[in-house]
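A.B. asks: Next one to model:
(one chain, ligands or ions: 1)
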Amino acid sequence: MTQDTKAMEAARLEPCPFCGGGNVTTFSSLFGEANTDAPLRTVWTAFCAACEGGGPHKDTAAGAIAAWKRRPAAPALPSEEVVESARGIVKLDRFYPAGVIKVARFVLSMVASHDQ
Ligand SMILES: [Zn+2]
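C.D. replies: Model prediction:
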């Protein structure tokens, strides 16, 4: 059993600050910098299965768990300027790439859930 496996089993990750979901786990993936010859490296992150929110990349599972424990209680809300841009993107959705529309819809959902 590796140190990271032990850390994962010992940790009970707190609910997601973005959606409140309780299905938060750590996982590893290979990470590489674009346009370099640097070798890929294994990184760890905490990840919410419900909303796909997550923590920063860390070199170990224990590091990812520690970063998740230090996460903000709630994400900062986008500025009114960003919200207006998101509304415009959603309104004209066929002119934007799917990833941009997904982000715009997420921005609007953050504001909507905060206003409830
Ligand atoms: Zn979530």
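
A.B. asks: Just confirm residue 105 is within a helix.
C.D. replies: Yes. Read with DSSP: H, G, I helix; E, B strand; the rest coil, residue 105 is one of the residues of a helix.

A.B. asks: Please name the residues that touch it.
C.D. replies: 86, 90 (Cβ atoms under 8 Å, 6 or more residues apart in numbering). In short, each C-beta sits where N, CA and C put it, glycine included.

A.B. asks: Next one: it from the ion, what distance?
C.D. replies: Between residue 105 and the ion the computed distance is 15 Å (Cβ to the ion, to the nearest Å).

A.B. asks: Could you give the number of residues near the closest residue to residue 78 other than its chain neighbours?
C.D. replies: Among residues not flanking residue 78 along the chain, residue 107 sits closest, at 5.1 Å (Cβ to Cβ, 6 or more residues apart in numbering). When neighbours are counted by other Cβ atoms under 10 Å, residue 107 registers 19.

A.B. asks: so residue 42, which of the three states?
C.D. replies: strand.

A.B. asks: how many other residues sit next to it?
C.D. replies: 12.

A.B. asks: That one contacts residue 32, doesn't it?
C.D. replies: No. Applying Cβ atoms under 8 Å as the test, residue 42 and residue 32 come out as separate, 10.8 Å apart.

A.B. asks: Return the backbone torsion pair for the residue nearest to residue 71 when sequence neighbours are not counted.
C.D. replies: Once flanking residues are discounted, residue 71 sits nearest to residue 17: 5.7 Å by Cβ to Cβ, 6+ apart. Note on residue 17: backbone dihedrals following degrees, to the nearest 10 are phi -70, psi -20.

A.B. asks: Distance check, the residue nearest to residue 56 when sequence neighbours are not counted against residue 34.
C.D. replies: Leaving aside its sequence neighbours, residue 56 sits nearest to residue 67 (Cβ to Cβ, 6+ apart; 5.3 Å). For residue 67, the distance to residue 34 equals 23 Å [Cβ to Cβ, to the nearest Å].
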